[in-house]
Structure formats: structure tokens, C-alpha cells
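1. this is a predicted model, with the sequence first.
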Amino acid sequence: MNEITQIRKLSLWIFFIPLIAINLCLFISQNYSLLEGTFFSVDQIGRSAFSIPYLDGSLSISRASRTFPQYLIFKPAMIITAIVLYYYWRNNNNLINKYNYSNINYKFRTFGILSAVFLAIHSIFLGIKFDIQIYKLMRRLVLLLFIVFELIAQGILVYHFFKLKTQLSNLINKKVLFLKAFLVSVLAVVAILSLPILLDKGNTHFKHALEWNFFVGVILFYLFTRFFWKRTT
């Protein structure tokens, strides 16, 4: 089926584009001397010593990506990812409609596209400086909505696949379906348990480490999608 072929391709783009982008920004941030004396000289704020933020939370994704020249990589990558996410959720909606003999917009499509919109908005405004408290609050809110809507969309989609797993038995890997369900459950539990810490003003390193790992966890869902569907051609 055409939808399945497209979904398998789109899922890899959604996983690799942001993963490469954030780690390339991290590499530039820690190896800023490579660009010293060139047009792409790294902004002072975007420079950092070597560390593994996934473990020590030494810097945030925002700090590694919001300054020049890192944002030249980060912003286009996230906007492209947002566009690809739109097509991913649209194709999944079309696929579920075919198997349910329906013609509706499922909730996972709505939440998935909204998550893509908020990712694009966050990327566009990242690094733009406004000394307004409400702007800073809105920026955090937009990022939070991206994460929340993404998890909701992923969870609802997995639920629909469980309902259709008998009909799809020749097309899917059921072990990967359970793996996707486990991943979404873990991410949801971690998000809920971490909420009190995130609302506290301290624990900066924990928040940064959580940010890096949680982001990878969210896009890992799409790598699993690649192995979830069997080849149809």
C-alpha cells in the first residue's frame, strides 16, 4: 500500500533530521575553535567545553542551537521536520480510515499536526531576543505543547494499531507494536514524575539532561515505525 511505503520513508526523516541537527549543533558548540576567524565564528553564548549533556546536563539544547551559526542548522532542520510530521500524521490517518472503512479526521491526526505546528513556531522564534516576561513564558508553553501533543498523538495512534492488529497481522511486526506502546508509556510516566522538578527553579543540570534524552525518546518512536511496517513491495 502506498500509505505504508510513504510512512516508512517519512519516519526515517523524522528521526534522523532532528537527531543529526541537535548533535551537530552540540559538536559546533564544543568545537567552536574550528570556525574561529571565519564568517561562521561561533557566538560566545553558544560556546561550551566538552561534555556529554545526555549524562551531565551541562547545557541545554536551546543554548547549543539558538546562536549563530548553529541556528542556521537547527531552525531549517526543525521546520523541515515539522513539515514531514504533517505528512506522517496525514498518511496514518488515511491508512486507518481505509481499514476502518471511514472518512474522518482521527484525534491522533489533529494532535500530531498541532505538535508539528508548535515545533515550527518554537524553532522560528528560538534565539529571537525579547526582554518581555510573557514572551519567555509563551516560548516555554509552545515547547511544552509540542511535547504533550506529540505524546498524545503517538499514544492514540498506537491504540488504533492495537485495535487493528489482527487485520494488519501480515503487514506489521507485533513485537515492535508493543515496543512502541512501552516507549510512549515510559515517556508519559517520566514526564509526569519529572513535573515537580521541572516546575522548581533549581535542578538545572537534571532539566537539561532530561531535555536531551526526552527529545531523543520522542523521535525514537519514528525509528520504531520504520521497523513496525513490513515491506509492501
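-> Looks like it came in fine.
2. in this structure, what spans have low per-residue confidence?
-> Residue ranges of the chain with pLDDT under 70: 1, 129-137, 139, 232-233.
3. can you give me the helices in this protein?
-> Counting by DSSP state H, the segments of the chain that form helices are 2-30, 53-56, 61-65, 71-100, 107-125, 133-163, 174-199, 204-228.
4. can you list those in CSV and add mean neighbour count and distance to Arg47?
-> C-beta: built from backbone N, CA, C; applies to glycine. Putting the helices of the chain into CSV (neighbours: other CB atoms under 10 Å; distance: least, CB to CB, whole Å) gives the following:
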stretch, mean neighbour count, distance to Arg47
helix 2-30, 19, 6
helix 53-56, 16, 14
helix 61-65, 21, 10
helix 71-100, 19, 14
helix 107-125, 20, 21
helix 133-163, 17, 22
helix 174-199, 14, 26
helix 204-228, 18, 16
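5. TSV for the ones you listed, including distance to Asp43?
-> Shown next, in TSV, are these (distance: least, CB to CB, whole Å):
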stretch	distance to Asp43
helix 2-30	10
helix 53-56	18
helix 61-65	10
helix 71-100	9
helix 107-125	17
helix 133-163	19
helix 174-199	27
helix 204-228	19
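6. looking at those helices, which is closest to Val42?
-> Minimum separation from Val42 across the helices of the chain (CB to CB) falls at helix 2-30, 6.3 Å.
7. what packs against the closest one?
-> Helices and strands in packing contact with helix 2-30 are listed as helix 61-65, helix 71-100, helix 204-228; criterion 3 or more CB pairs under 8 Å, 6 or more residues apart in numbering; DSSP states H and E.
8. tell me the residue furthest from the middle of this structure?
-> Counting by CA atoms, centre = their mean, the extreme residue of the chain relative to its mean C-alpha position is Gly37, 33.7 Å from that point.
9. show me the contacts for the closest residue to Leu179 other than its chain neighbours.
-> Closest residue to Leu179 in three dimensions, ignoring its sequence neighbours and counting by CB to CB, 6 or more residues apart in numbering: Phe224, at 5.8 Å. Shown in contact with Phe224 (CB atoms under 8 Å, 6 or more residues apart in numbering): Val176, Leu179, Lys180, Leu183.
10. Phe224 and Leu177: what is the separation?
-> Distance, Phe224 to Leu177, by CB to CB, to the nearest Å: 9 Å.
11. do Leu34 as well
-> From Leu34 over to Leu177 the distance is 44 Å, taken as CB to CB.
12. same question, His208
-> To Leu177, His208 is 32 Å away according to CB to CB.
13. again with Trp89
-> The value you get for Trp89 to Leu177, if CB to CB is used, is 18 Å.
14. roughly how far apart are the closest residue to Asn103 other than its chain neighbours and Leu143?
-> Excluding the flanking residues, the one nearest Asn103 by CB to CB, 6+ apart is Asn97, at 5.7 Å. With the distance defined as CB to CB, Asn97 ends up 31 Å from Leu143.
15. try Gly57
-> Distance, Gly57 to Leu143, by CB to CB: 17 Å.
16. over to Glu3?
-> Note on Glu3: its distance to Leu143, by CB to CB, is 30 Å.
17. ok, Ile104 next?
-> For Ile104, the distance to Leu143 (CB to CB) stands at 30 Å.
18. how about Gln30?
-> Look at Gln30 and Leu143: by CB to CB, they are 23 Å apart.
19. same thing with Leu171?
-> From Leu171 over to Leu143 the distance is 35 Å, taken as CB to CB.
20. likewise for Lys163?
-> Lys163 sits 31 Å away from Leu143, taking CB to CB as the criterion.
21. look up the closest residue to Ser194, ignoring the ones flanking it.
-> With CB to CB, 6+ apart, the residue lying closest to Ser194 is Leu210, at 6.0 Å.
22. that's all I had, so thanks and see you.
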